[in-house]
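>>> pasted the sequence and its predicted model underneath.
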Amino acid sequence: MNPFLRSFCSAAAAVALLNSCTDHHVPSESYPGRAEAQNPAVITEVGNVKVYNGGFGSAVVQDPNDHMVFYLLTDRGSNIDGTVADSKVFADPDFAPQIGRFRLVGDKLVLEKIIELKNENGAKLNGLPNPPGFGYSGELALDVNNNTLPNSVDGLDSEGLALAKDGTFWVSDEYGPHIVHFDANGKTIERINPFGNGAGGRTIPLVFAKRRPNRGMEGLTITPDGQTLVGIMQFPLYNPSAAQVSGSLVTRILAFDIATGTSREYAYLIDRANLQANSEIVAIDNTSFLVLERDGEYATNANRGTVIKKVYKIDLANATDVSDPANGANGKLFGGLTVEQLKTEANLLANGIKPVTKTLVADLMTDIPTLYPHDKAEGIAIINSTTIAISNDDDFGVVGSGGVYTQKILQGTGLVDRNAIYFVKLKQPLW
């Protein structure tokens, strides 16, 4: 066993023993089946369509010191497809990605504080696409009047959130991908990407720059020992190209040692090709995690058997490290093919690659009392050994295409989508 995994496993054993004795939370705490954000402010209006703030739910973490407090993350801001290929129309180009501190009061989520994310100089970040060489996605940003918006080195499409023991935050995004360390007030401490041009200059492997546009590092967590960031890519990398990985089930997990900057990579197989795919990852201990997979569908009584909003328990302990010591642009090759080109478990195994193991622990289509009404289950947190929390991305209450904004109305309720947390009871305990 390599030293990285040996330290992982010894620490994991200690954490597992502690958890078996104490659990994460005291028994007196109780949670509703569902809690919804209250009275979100209106950011702007496009015609008569209200854009809400709102937008929280791309990730959720629970405050370790106050279990009624949850931190929820927005993405880059309200945007819809424009009329030009790969264009996005931003309702509020000045919107700063942000973390909301919410308090659970009965079955309500009450916003107590907004932490706007800022660069290392204290200037607000934005959600605009990055320029070439810094995470350029190929997307063209437009305002609602169809004016072209500039690319920005301060652009962040935030999706994954981890809370460190010192109260600082780590955020991953869909552009670079970038992993950004923020202080408790949202100011950048360090920005890590494949290019080495962020604050601090540290890097993750070059292959991650092959991420599909708008399908970057969707999930991020920190191990209980505080030593390792573990991020998951939403979709198979376009590695070497979109056409050559068509139908691939292989996504990547990155384990990044915070102190040394070294990393390991693992193959994770999604349920079905062309899913929206992996939305979040959260640590159980230092080697095992929960992964939230989803499609982009709304559930109905007729289709709920095929809609995917599932939570898997995974383990890295016996998975093969597929990282490339040479840090090539396509990563380590196997028989001349990238990991993504291998596409299936059978091909991975034939090339000596063991993917991470995965076991279903929750299905939102069967494990909550009512029909899950949201299309985007995106955040996950562990409450205790038998309860998890799932948050949704409400898209700021808007959808649209062709540059035309409309209100995002849930099919099952007839109401505008709102951020909510579902507290899901598990059929089997996690530990």
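Cool, the structure landed. Residues are numbered from 1 along each chain as shown.
>>> just the helices in this structure please.
Remark: helices assigned in the chain by DSSP state H are 3-22, 339-342, 345-350.
>>> report the distance from the last one to the chain centre.
Put plainly, it is helix 345-350. 27 Å (Cα atoms, centre = their mean, to the nearest Å).
>>> report the beta-bridge partners for Phe289.
Ala283, Ile314 (DSSP bridges).
>>> please apply the same query to Gly400.
In beta-bridge terms (that is, DSSP bridges), Gly400 pairs with Tyr405.
>>> next, count neighbours for it.
Gly400 has 20 neighbours, counted by other Cβ atoms under 10 Å. In this view, the C-beta of every residue, glycine as well, is placed from N, C-alpha and C.
>>> also Glu218?
With neighbours defined by other Cβ under 10 Å, the count for Glu218 comes to 31.
>>> just the mean pLDDT for stretch 184-199, thanks.
Average pLDDT, stretch 184-199: 97.
>>> contacts for that stretch next, please.
Identification of contacts with stretch 184-199 by Cβ atoms under 8 Å, 6 or more residues apart in numbering yields 98-99, 115-120, 122, 125, 133-135, 167-169, 176-183, 200, 202-209, 256.
>>> which of these count as buried?
The neighbour count (16 or more other Cβ atoms under 10 Å) marks 98-99, 115, 117-119, 125, 134-135, 168-169, 176-182, 202-209, 256 as buried among the contacts of stretch 184-199.
>>> just the C-alphas of stretch 64-76, formatted as CSV.
C-alpha atoms of stretch 64-76 as CSV (Å, rounded to 0.1, in the frame of the first residue of the first chain):
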residue,chain,number,x,y,z
PRO,A,64,-19.9,21.9,13.3
ASN,A,65,-20.5,24.2,16.3
ASP,A,66,-24.1,25.1,15.7
HIS,A,67,-26.0,22.2,14.1
MET,A,68,-29.0,24.4,13.3
VAL,A,69,-26.8,26.5,10.9
PHE,A,70,-26.1,25.6,7.3
TYR,A,71,-23.9,27.3,4.8
LEU,A,72,-25.2,27.2,1.2
LEU,A,73,-23.3,28.2,-1.9
THR,A,74,-24.5,29.9,-5.1
ASP,A,75,-23.0,29.3,-8.5
ARG,A,76,-22.0,32.1,-10.9
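>>> tell me how far it is from the chain's mean position?
Stretch 64-76 sits 14 Å away from the centroid of its parent chain (Cα atoms, centre = their mean).
>>> what of stretch 311-327?
That offset, for stretch 311-327, works out to 18 Å (Cα atoms, centre = their mean).
>>> and the end-to-end length of that stretch?
One end of stretch 311-327 to the other measures 32 Å (Cα to Cα, to the nearest Å).
>>> now do stretch 347-367
One end of stretch 347-367 to the other measures 33 Å (Cα to Cα).
>>> now it: buried residues?
347-348, 353, 355-356, 358, 361-365, 367.
>>> ok, Arg101 touching Leu109?
No. Using Cβ atoms under 8 Å, Arg101 is not in contact with Leu109, being 10.3 Å away.
>>> ok, now which ones touch Thr248?
Just so we're on the same page, residue 248 is Ser rather than Thr. Contacts of Ser248 (Cβ under 8 Å, 6+ apart): 236, 273, 340-343.
>>> and which of those residues is nearest Leu333?
Gln341 (8.9 Å; Cβ to Cβ).
>>> can you pull the contacts of the closest one?
By Cβ under 8 Å, 6+ apart, the contact set of Gln341 is 239-240, 244-245, 248.
>>> also Phe169?
Contacts of Phe169 (Cβ under 8 Å, 6+ apart): 71, 99, 115, 161-163, 181-184, 186.
>>> measure Asp107 to Lys113 for me?
Per Cβ to Cβ, to the nearest Å, Asp107 is found 21 Å from Lys113.
>>> ok, Pro205 next?
35 Å.
>>> before we move on, what about Val356?
Distance of Val356 to Lys113, given as Cβ to Cβ: 36 Å.
>>> also Leu290?
27 Å.
>>> looking at these two, which has the bigger crowd around it?
Just comparing Leu290 and Lys113: by other Cβ under 10 Å the higher neighbour count belongs to Leu290, 22 against 12.
>>> pretty sure the more buried one sits against Ser279.
No. Using Cβ under 8 Å, Leu290 makes no contact with Ser279, being 11.0 Å away.
>>> now list whatever residues contact both of those two.
Ile380.
>>> for the residue nearest to Asn146 when sequence neighbours are not counted, give its distance to Ala91.
Nearest non-adjacent residue to Asn146, counting by Cβ to Cβ, 6 or more residues apart in numbering: Gly403, 6.8 Å away. Distance of Gly403 to Ala91, computed by Cβ to Cβ: 11 Å.
>>> of the two, who's got more company?
It is Ala91, of Gly403 and Ala91, that has more neighbours when counted by other Cβ under 10 Å, with 21 against 18.
>>> which residues touch the closest residue to that one other than its chain neighbours?
If the residues on either side of it in the chain are set aside, Ala91 comes closest to Ser78, at 4.4 Å by Cβ to Cβ, 6+ apart. For Ser78, the contact set (Cβ under 8 Å, 6+ apart) comprises 43, 51, 55, 90-92, 95, 395-396, 398.
>>> for Gly201, phi and psi?
With angles defined as degrees, to the nearest 10, Gly201 sits at phi 80, psi 0.
>>> that one and Tyr136: what is the separation?
In terms of Cβ to Cβ, Gly201 sits 19 Å off from Tyr136.
>>> same question for Val361.
From Val361 across to Tyr136, the span is 37 Å (Cβ to Cβ).
>>> and what of Ser248?
In terms of Cβ to Cβ, Ser248 sits 23 Å off from Tyr136.
>>> return the residues in contact with the nearest residue to Leu229 once chain neighbours are set aside.
Excluding its sequence neighbours, the residue lying closest to Leu229 (Cβ to Cβ, 6+ apart) is Phe256, at 4.5 Å. By Cβ under 8 Å, 6+ apart, the residues touching Phe256 are 179, 192, 204, 228-231, 262-263.
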